[in-house]
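In: predicted model, plus sequence, below.
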Amino acid sequence: MITGDDYDYLIKFLFLGDSGVGKTSVLYQYTDGLFSSKFISTVGIDFRVKKVAYKIHGKTKRICLQLWDTAGQERFRSLTTSFYRESMGFLLLFDLTNEQSFLDVRGWLEQLKVHAYCEMPDIVLCGNKADLEEKRVISPGRAREAAKQLGIPYVETSAMTGQNVSTSIELLLDLVMARMETIVDRALQPTKEPLVDRVLSPNMDTVHLVDSDKQSWSKCSC
């Protein structure tokens, strides 16, 4: 059982993408170093936990990552979108051997604009199944260009070999930690107008609001 003494920050990431793109496989490769070729569709939502050490300004912070695995099927969409606002970052996957899963990326991004904590949340786009080179239908250049137009970083991964699986999540963690640091810095700057923004408080497992005038923490009800 994880307690507040076990970590400095609890950060929640959500895995998104069409059914069959390999979200569960990437998740288990990252947390357990395991891969199964047997496909079992996720029903609703599931999650895994992994604790990592993260260095910032020369200090090591203990971070507990909650990694939520969502079902890609349309019938579960209303259930999984309820978890969007509680997530600090999103790993959006498509299948490099499946054209439709790549085309559906824009649809997933539109959902994030509506349901995430802001219109431009931290996202890393992953082209999964990079090991199936002979079946690839989405070229690296095409995927990189699409990511550039969308304004999000792109990484090619393989849940089977482990290629870039850790890299993609570490990149997302870098983005989230940088956003948190920026928000805290802004909150500490003197200003005539109250600055209210979303930040993650140490030893808290929920998003909180900070008011720069009062310098006090209050729980966010959203």
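Out: All right, it came through fine. Numbers count the residues shown, from 1 in each chain.
In: CA atoms for contacts and neighbours, from now on please.
Out: Noted.
In: and stretch 158-174, end to end?
Out: By Cα to Cα, to the nearest Å, the extent of stretch 158-174 from end to end equals 21 Å.
In: make that stretch 156-164, sorry
Out: OK, stretch 156-164 end separation, Cα to Cα: 7 Å.
In: give the buried residues for that stretch.
Out: 156-160, 162-164 (16 or more other Cα atoms under 10 Å).
In: ok, now stretch 108-115?
Out: 109, 112, 115.
In: from those residues, pick the one nearest Ser168.
Out: Of all the buried residues of stretch 108-115, Ser168 sits closest to Leu109, with 17.6 Å by Cα to Cα.
In: what about the closest one, distance to Tyr84?
Out: For Leu109 relative to Tyr84 (Cα to Cα), the value is 12 Å.
In: cool, and Ser19?
Out: Taken as Cα to Cα, the span from Ser19 to Tyr84 is 18 Å.
In: quick check: which ranges of this protein have low pLDDT?
Out: 1-5, 37-44, 71-80, 189-222 (pLDDT under 70).
In: quick one: the helices in it, in order.
Out: Along the chain, the segments classed as helices by DSSP state H run 23-32, 77-80, 99-103, 105-115, 140-150, 165-188.
In: okay, the ones you listed in TSV with distance to Asp6 next?
Out: Supplementary listing: those in TSV, determined by distance: least, Cα to Cα, whole Å:
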stretch	distance to Asp6
helix 23-32	17
helix 77-80	28
helix 99-103	38
helix 105-115	30
helix 140-150	36
helix 165-188	18
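In: and these, which is most packed in?
Out: helix 23-32 (a mean of 22; mean count of other Cα atoms under 10 Å).
In: burial check on Phe83, number of neighbours?
Out: The tally of other residues near Phe83 (other Cα atoms under 10 Å) stands at 17.
In: wait, I meant Ala130
Out: 23.
In: likewise Ser139?
Out: Neighbours of Ser139 using other Cα under 10 Å come to 12.
In: that one and Leu92, how far apart?
Out: 17 Å.
In: what ranges does the protein have for its strands?
Out: 9-16, 45-56, 59-70, 89-95, 122-128, 154-156, 196-200, 207-211, 216-219 (DSSP state E).
In: contacts for the fifth one, please.
Out: Residues from elsewhere that reach strand 122-128 (Cα atoms under 8 Å, 6 or more residues apart in numbering): 21-22, 88-96, 143, 147, 152-159, 168, 171-172, 175-176.
In: that strand: partners in the sheet, and parallel or antiparallel?
Out: Counting by DSSP bridges, the strands paired with strand 122-128 are strand 89-95 (parallel), strand 154-156 (parallel).
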